[in-house]
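> Using only what follows, build the 3D model:
(chains A and B)
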Amino acid sequence: MNVVVCAKQIPDPAAPPALDPERHTLVRDGKLILDDSDAYGVEMGLQLAGDDGEVTLVSMAPNGEVSGLRTALAMGAAKAILVSDEALRGTDALGTAKVLAKAIERVNPDLVIAATESTDGYTGTTPVQLAELLGLPSVTFAKKVTVEGGKVRVERQTEAGYDEVECPLPCVVTVTAGVVEPRYPSFKGIMAAKSKPVEQLTVADLGLSPDEVGFGGARQEIVSVVPAEERGAGEIVTDEGDAHERIIQFLEQLKLI
Amino acid sequence: MAIDTIWVLAEQQDGAPVPTALELLTQARAMAGTVKAVTWGGGAEGLAGTLGEYGAQVVYDLGDLGGKLPGPLVAAALAERVRSGDQPDAIFVPTTYDGRDIAGRLSARLDVPVLTNVVGLVEENGELRSEHAVFGGTQIVTARFTGARPGIFVIRAKSFPAESAGGGPASVETLTVPEVGAVSAASVQQRHVEERSGPKLDEADVVVSGGRGLGAAEHYALVEELARLLHGAAGASRAIVDAGWVPYSHQVGQTGKTVKPTLYIACGISGATQHLVGMKGAKHIIAINKDPEAPIFSVADLGIVGDVHKVLPKLIEALKARS
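Coordinates of the predicted model:
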């Protein structure tokens, strides 16, 4: 089975984030890494693709960055398509879905996997917008995924527990963190990844017009960014064996006990 | 251009609208003259009383969806309605699993953008602007749509209070669900309800959450025990959910639930921004962590620098001795 995994490359979440002073969008220049949330999708894709199929990564970045994709290729993905174009700067979730849909149509996969949301922007709608644009059914918030007889069976997270959902292929599935344990790239994998194909495409290559993407295509803007009301730190107690007594007092003050 | 009409997606659970739907109706009726609720899954007549009470004049009901996932069908029905000329200024969607599916599908169908993770709404020059907490809730971003309406806003739980307006039941109008073909092929075979004792996580007055500082999955029992003694709910950080110690349904934070209890007790949670977003709205916060530098202490009213394995058993014993 051939699987497309949507893989986002993001600024290192451990580094302090920055906003563009003019547009107030997240600064995504410089080195980008594979979003941790997507490592689960890559692993799931590799397991489902099996020996007779392969995983193709599809990604979008304004600056031609590939280091995050190399990580996923080192895990075992066969190849990647990176849509990279200055015109993509400022693209919103729907614009991203339009770009990814055009790129995925070139691969014509049996299954598309994405994370439920990215770690940096966490809009959380791109995979479903993508499914709608591709004319495919979707199952979101999968915590378990199996494929049998041309159908995907998913345990889908719900407010009350989970639903067993069945859906014919091809379809889009979004996976939660923890759905599988992502493998660490082996040394051999890392070496092999260096020579795996990464096809770079522009917005024009996909047949999209520049005004469907970027800041113009987003049709939304950030008006202001202000510091939130600070919640001040309170009393700090170092436990000397009796800190629980202070907690009891606190609970009494709140009349919770 | 004023704001005339707002639609609110009123998802139901156990035969009643989800609390966020009532919060959104309360906010919608303060901002627009006409408020319509959208229901699906059957039983609209039974929901119309509560929905009317919170501000809906009309319920657009899509009926029972026959076990299909609601996303594509609800989106298609609403898109058709909008295209026919019945166009609201905004559509409010609760941040739920199905809500996000519907919002995404509707956005693509209507070719209009969507703003998600909304925590506040304001009106300015006759248009809606949404507020979003970013960077662990330290900054508030205000955003607006610049293109055609309707604006689709996906709004987080507990962003607004739910207050009854005391109105009578809403009138129910049935909308036809169009034939959409392959996109609606996903169907629910079986539902599993996880056993839960005590209040729901997002409705509890007290929430006790555990994080990686617990050290091992079996120590989560301490968190559950404390939650039980305080008649609260047990929550978790993303770290221990990802590690498989507890189910995702316990997760508090950006990717999990937003809670605003009277008291939040964070046990062995460092306070990553992703967690703080989900709980810093609590009225009071107690944090127990052995690292005095942990960011959780910057939001705690009472911070205990200590080992959860020492503090929690003593606290539990003391509470048991009182009862």
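
> Strands of chain A, residue ranges please.
A:3-6, A:9-10, A:33-34, A:55-61, A:79-84, A:111-115, A:138-148, A:151-157, A:161-168, A:171-175, A:198-201, A:220-227, A:235-238 (DSSP state E).

> Which elements pack onto the last one?
Okay, so that is strand A:235-238. strand B:302-305 (3 or more CB pairs under 8 Å, 6 or more residues apart in numbering or on different chains; DSSP states H and E). For every residue, glycine as well, the C-beta is placed using N, CA and C.

> now the fourth one
Here strand A:55-61 touches strand A:3-6, helix A:36-49, helix A:67-75, strand A:79-84, helix A:93-105, going by 3+ CB pairs under 8 Å, 6+ apart.

> after the host helix or strand of residue B:122 comes which helix or strand?
Using DSSP states H and E, residue B:122 falls within strand B:120-124. Where DSSP H and E defines the elements, the next helix or strand beyond strand B:120-124 is strand B:127-134.

> starting at the chain centroid, how far to the helix or strand containing residue B:72?
Residue B:72 is part of helix B:70-83, with elements assigned from DSSP H and E. Averaged C-alpha coordinates place helix B:70-83 at 22 Å from its chain's average position (CA atoms, centre = their mean, to the nearest Å).

> is any part of that helix close to chain A?
Yes: legend: contact between helix B:70-83 and chain A by CB under 8 Å from any CB of the partner chain is shown at B:71-72, B:75.

> Give me the spatial nearest neighbour of residue A:5, chain neighbours excluded.
When the adjacent residues along the chain are set aside, residue A:5 lies closest to residue A:45, with 4.3 Å between them (CB to CB, 6 or more residues apart in numbering or on different chains).

> And for residue B:45?
Excluding its sequence neighbours, the residue lying closest to residue B:45 (CB to CB, 6+ apart) is residue B:172, at 6.0 Å.

> and residue 105, what does it touch?
In the absence of a named chain, chain A is used. Applying CB atoms under 8 Å, 6 or more residues apart in numbering or on different chains to residue A:105 gives the contacts residue A:134.

> ah, no, chain B please
If you count contacts by CB under 8 Å, 6+ apart, then residue B:105 has A:128-129, A:131-132, B:71-72, B:74-76, B:183 around it.

> Closest one of the residues you listed to residue A:243?
Nearest to residue A:243 out of those is residue A:128 (CB to CB; 46.6 Å).

> quick one: low-confidence parts of the chain?
This is for chain A. Low-confidence segments of chain A (pLDDT under 70): none present.

> nope, chain B please
For chain B (pLDDT under 70), the answer is B:1.

> that older thread, can you put the strands of chain A in CSV and add distance to residue B:62 and mean neighbour count?
Listed next are the strands of chain A as CSV, based on distance: least, CB to CB, whole Å; neighbours: other CB atoms under 10 Å in any protein chain shown:
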stretch, distance to residue B:62, mean neighbour count
strand A:3-6, 30, 28
strand A:9-10, 37, 24
strand A:33-34, 39, 21
strand A:55-61, 33, 26
strand A:79-84, 36, 21
strand A:111-115, 27, 27
strand A:138-148, 18, 20
strand A:151-157, 20, 21
strand A:161-168, 19, 19
strand A:171-175, 22, 28
strand A:198-201, 39, 16
strand A:220-227, 28, 14
strand A:235-238, 52, 13
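
> Please identify which of these is closest to residue A:192.
Nearest to residue A:192, of those and by CB to CB, is strand A:79-84 at 11.7 Å.

> name the helices or strands packed onto that closest one?
Against strand A:79-84 (3+ CB pairs under 8 Å, 6+ apart) you get strand A:55-61, helix A:67-75, helix A:93-105, strand A:198-201.

> And for the strand or helix carrying residue B:240, what's in contact with it?
Per DSSP H and E: residue B:240 is located in helix B:238-242. Applying CB under 8 Å, 6+ apart, the external contacts of helix B:238-242 come out as A:177-178, B:210-212, B:214, B:217, B:220, B:246-248, B:250-251, B:253, B:255-256, B:272, B:274-275.

> Helix or strand next in line after that helix, which one?
Following helix B:238-242 toward the C-terminus (DSSP H and E): strand B:263-267.
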